[in-house]
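*Asks:* compute the structure for the input listed below.
(chains A and B)
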Amino acid sequence: MTKIIPLTGDQAAAEAMRQINPDVVAAYPITPQTEIVMTFSQFVADGLVDTELIQVESEHSAMSACVGASASGVRVMTATSSQGLALMWEIVYIASSMRLPIVMAVVNRALSGPINIHCDHSDTMGARDSGWIQIYCENAQEVYEMMILAPRIAEHPDILLPVMVCQDGFITSHATEGVKIIDDKDVKNFIGEYIPKDPILDIKNPVTYGPLDLQDYYFEHKRQQAEAVKNAIVKIPEILKEFNKLVGKEYGFIEKYRMEDAEIAIVCLSSTCGTARVVIDELREKNVKAGMIKIRFFRPFPAEEIVNTCRNLKALAVLDRAESFSGRGGPVYNDIRSALYQSVNIPVVNYIYGLGGRDIDKNHINIVFNDLIEISKTGKIKKLIDYLGVRD
Amino acid sequence: MSQKNWKEIPIGGRITKPGSSLEYKTGTWRTFKPVRDESKCSQCLLCWIYCPDSAIHVKDGKIDYIDYDHCKGCGICAEICPKKCIKMEKE
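*Replies:* Model prediction:
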């Protein structure tokens, strides 16, 4: 029996964690992720989960405790935002390089400074090279479902990489919506029993974690990590096939919204996709062949699928909710352009928007599509990289 | 020790077989090598106690040999020796 209950994005993440019932959660509360830790703590206090909840004194300790717990051979989850992710930074890389399948909910929030508590993607975009798989969610429903999917990806024997499940701070994390919940037993069946690889607590088979690794072997271990990411490209669709049967969806690396005959399109992540859908529907009413590529998995980067989706386009705009300060546009833009280079020769422009929680509304997305209409007609780009919603 | 490729080694820098430090010859890091003058040595074994790499080998209560495969040349043995019978010589 399926039920729909009102949940915020944070509560949806916590609800998924309740159903997964991880062995260890080590976390530190930070706005706007606080409600995940708060809600999950209540589940622990109410005896609804068997989880060992470790209340730590900082995010550096949170991820450190996660690494230790995961190496011991149990299922581990955590959650953070912004400065919290920044503080756990060195251990974030250690988790992935030790190949520990930790799942972390990240509620995207702008990085200081100046200090700001609202949404942009500067926190997780900074971690895009950390070796974690990154999933970006549009709404609470997707947060809930991706949290349940995440352990299966992380724990796959050919992958064994940690996973971040990202949602937009406040916009998604604090807005209540009806979330369709899967039966507890179906979640249990789907995620299955955790079978750890090389657990430290298996005293019959002693293992050393984290030894010094110099010029002679470090490179080989990095090569293995790169292979795990390549494996993820192959294995994630297989896991999704099974998951889609469970949830009745068609989840993939990306979502193509009205792309069948699209001539112009935008690329975006997370909650902005919701606003873009409305604008695209309205443009379609006016016979503008507009579409959207929603990137769900940013790591691994689904280059091939994106390239194939762009083949018949006349112009493409990439929306970035983070500035990479390279002087050459945002992080999503750079990966997209690099993927299209020598494959699809179309004008690709970049809009950096929504920093520090600046609203993005239909008007902003209409500006982007108007620019795209102009570019597709004239073939001329006025501004390769522009800022959307900033006061000029 | 022959070097293995990335497909042949455990993932994540893990060591899944104990005792591998024996195979890892840290002696190559050394610039100065401890050389003991046996005629002056009182067999107090302080060097054996202090050696951080367990590179001083003892047999029947006496120093047997210095394991140059693992001695990193830190010089602690020479420093601690009350008889000053260990000299650090450049490799």
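*Asks:* and chain A, which of its residues are near chain B?
*Replies:* With the criterion set to C-beta under 8 Å from any C-beta of the partner chain, chain A comes near chain B through A:97-100, A:160, A:197-198, A:205-211, A:213, A:216-218, A:220-221, A:223-224, A:227-228. Yep, even glycine has a C-beta here, placed from its N, CA and C like the rest.
*Asks:* for PyMOL, what selects the buried ones among the residues you listed?
*Replies:* One line in PyMOL is enough to select the buried ones among these; burial here means 16 or more other C-beta atoms under 10 Å in any protein chain shown:
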select buried, chain A and resi 97+98+99+100+160+197+198+207+208+209+213+217+220+221+224+228
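*Asks:* pull the distance from stretch A:264-272 to the chain's centre.
*Replies:* Centroid separation for stretch A:264-272 versus its chain: 14 Å, with C-alpha atoms, centre = their mean, to the nearest Å.
*Asks:* buried residues, the longest helix along chain A. List them.
*Replies:* Criterion DSSP state H: the longest helix present in chain A is helix A:218-247. Across helix A:218-247, burial judged by 16+ other C-beta under 10 Å covers A:220-221, A:224-225, A:228-229, A:231-233, A:235-236, A:239-240, A:243-244, A:246-247.
*Asks:* who touches the one helix or strand A:Asn370 maps to?
*Replies:* Per DSSP states H and E: A:Asn370 is located in helix A:362-378. Here helix A:362-378 makes contact (C-beta atoms under 8 Å, 6 or more residues apart in numbering or on different chains) with A:263-266, A:272, A:275-276, A:278-279, A:282-283, A:288, A:290, A:314-317, A:319, A:347, A:349, A:351, A:353, A:380-382, A:386, A:388-389.
*Asks:* please list only the buried members of these.
*Replies:* A:264-266, A:272, A:275-276, A:279, A:283, A:288, A:290, A:314-317, A:319, A:347, A:349, A:351, A:353, A:386, A:388-389.
*Asks:* which members of these are positioned in helices?
*Replies:* Among the buried ones among the contacts of helix A:362-378, DSSP H puts A:Thr272, A:Thr275, A:Ala276, A:Val279, A:Leu283 in helices.
*Asks:* using JSON lines, lay out the residues you listed together with distance to A:Ile4.
*Replies:* What follows is these, written out as JSON lines (distance: C-beta to C-beta, whole Å):
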{"residue": "A:Thr272", "distance to A:Ile4": "24"}
{"residue": "A:Thr275", "distance to A:Ile4": "23"}
{"residue": "A:Ala276", "distance to A:Ile4": "25"}
{"residue": "A:Val279", "distance to A:Ile4": "27"}
{"residue": "A:Leu283", "distance to A:Ile4": "31"}
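*Asks:* tell me the one among those residues nearest to chain B.
*Replies:* A:Thr272 (35.7 Å; C-beta to the nearest C-beta).
*Asks:* pretty sure that closest one contacts A:Gly354?
*Replies:* Yes. Using C-beta atoms under 8 Å, A:Thr272 is in contact with A:Gly354, at 7.1 Å.
*Asks:* shared neighbours of those two, anything?
*Replies:* Listed as contacting both A:Thr272 and A:Gly354 by C-beta under 8 Å, 6+ apart are A:Arg321, A:Ile360.
*Asks:* shouldn't A:Met104 be within a strand?
*Replies:* Yes. A:Met104 forms part of a strand when assessed by DSSP: H, G, I helix; E, B strand; the rest coil.
*Asks:* so it versus A:Ala175, what's the distance?
*Replies:* From A:Met104 across to A:Ala175, the span is 21 Å (C-beta to C-beta, to the nearest Å).
*Asks:* neighbour count winner among the two?
*Replies:* Taking other C-beta atoms under 10 Å in any protein chain shown, A:Met104 and A:Ala175 do not tie; A:Met104 has more neighbours (28 against 15).
*Asks:* setting the sequence-adjacent residues aside, check what's closest to residue 48.
*Replies:* Chain wasn't specified; assuming chain A. Excluding the flanking residues, the one nearest A:Leu48 by C-beta to C-beta, 6 or more residues apart in numbering or on different chains is A:Arg18, at 5.8 Å.
*Asks:* hmm, no, I was thinking of chain B.
*Replies:* In space, B:Trp48 is closest to B:Ile56, 4.3 Å off (C-beta to C-beta, 6+ apart).
*Asks:* the residue nearest to A:Leu48 against A:Gln42, yeah?
*Replies:* No. With contacts counted by C-beta under 8 Å, A:Arg18 stays clear of A:Gln42, the gap being 9.6 Å.
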